[in-house]
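A.B. asks: attaching a predicted model along with its sequence, questions to come.
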Amino acid sequence: MCASSAYDWRPPGGPGERRSQAEIASCGVSYREDRDLITLAAHTGLRWGEISALRVGDIDPDRRLLAVKRAWKRDGQGAWFIGPPKTQRSRRTLSLAPALVQLLGPYLDRPADTYVFADTNGDPLRQNVFYEYRWQRAVALARSRGLIKRPRFHDLRHTHVAWLIAGGTPLPKIQQRLGHESIQTTIDVYGGLLADTDDQVDAVVGSAFAATAPLGRTLRMPTIADC
């Protein structure tokens, strides 16, 4: 996306100029807001429909909290609108790392009902526009530099969960952070990643077992002969 701060905010009143090939090669395809949106998505696991509906008043920088209060939805005719999340658990509050609070600082000095990430008219970002003009171009640039996969925006959410599991975060906490109605959903979608933590589990159990040994002795596992 935007690999440096060389690209400042989008010019008001328009979509912004398309970057030259030289600029793209040195910095990336996009603007600062796009880079920051993706950074927030990877660090929180928010869905596109949630992060694009965020308003300034949903973020409490002093307490380092972000409240998910609304998301994109479809009405009876298939048209998109922003309304309450579809389930009670989708309405949730997430903690923010200090670095994220600092990153979001310039966005929060605006009225509470302003969308955090918006187009040049102040309207919420549309997924199809972002995908075509930002995401796809960034993926193409990354692939030209050796990226093998074609990641989707939703893969940022999967990456976030992979980091949590690798760090030993309990599944109920992951469920709460993702807004899953049932922990079974969390297990069904991400249970395969738990196998990667087997070595960590073995190390924890081994350390606990060794700690029970009398001072100066090393416990050994019992054998059939012992029985």
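C.D. replies: All right, it came through fine. Everything numeric here is computed off the predicted structure, so don't read it as measured data.
A.B. asks: for stretch 69-85, could you pull out the residues that count as buried?
C.D. replies: By neighbour count with 16 or more other Cβ atoms under 10 Å, stretch 69-85 contains the buried residues 69-72, 85. Where C-beta positions appear, they are placed from N, C-alpha and C, glycine not excepted.
A.B. asks: in JSON lines: those, plus distance to His160 and pLDDT.
C.D. replies: Formatted as JSON lines, these follow (distance: Cβ to Cβ, whole Å; pLDDT from 0 to 100):
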{"residue": "Lys69", "distance to His160": "20", "pLDDT": "94"}
{"residue": "Arg70", "distance to His160": "20", "pLDDT": "93"}
{"residue": "Ala71", "distance to His160": "17", "pLDDT": "89"}
{"residue": "Trp72", "distance to His160": "19", "pLDDT": "86"}
{"residue": "Pro85", "distance to His160": "18", "pLDDT": "85"}
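A.B. asks: what's the most distant pair in these?
C.D. replies: Lys69 and Trp72 (12.8 Å; Cβ to Cβ).
A.B. asks: strands of the chain, start to end?
C.D. replies: Along the chain, counting by DSSP state E, strands occupy 59-60, 65-68, 71-74, 80-83, 92-95.
A.B. asks: elements contacting the first one?
C.D. replies: The one in question is strand 59-60. strand 65-68 (3 or more Cβ pairs under 8 Å, 6 or more residues apart in numbering; DSSP states H and E).
A.B. asks: for Thr186, give me its contacts.
C.D. replies: Thr186 makes contact with 171, 174-175, 178, 180 under the criterion Cβ atoms under 8 Å, 6 or more residues apart in numbering.
A.B. asks: quick check: closest non-adjacent residue to it.
C.D. replies: Gln175 (4.4 Å; Cβ to Cβ, 6 or more residues apart in numbering).
A.B. asks: before we move on, back to that, CSV for the strands of the chain, including distance to Pro111?
C.D. replies: Shown next, in CSV, are these (distance: least, Cβ to Cβ, whole Å):
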stretch, distance to Pro111
strand 59-60, 13
strand 65-68, 17
strand 71-74, 21
strand 80-83, 17
strand 92-95, 21
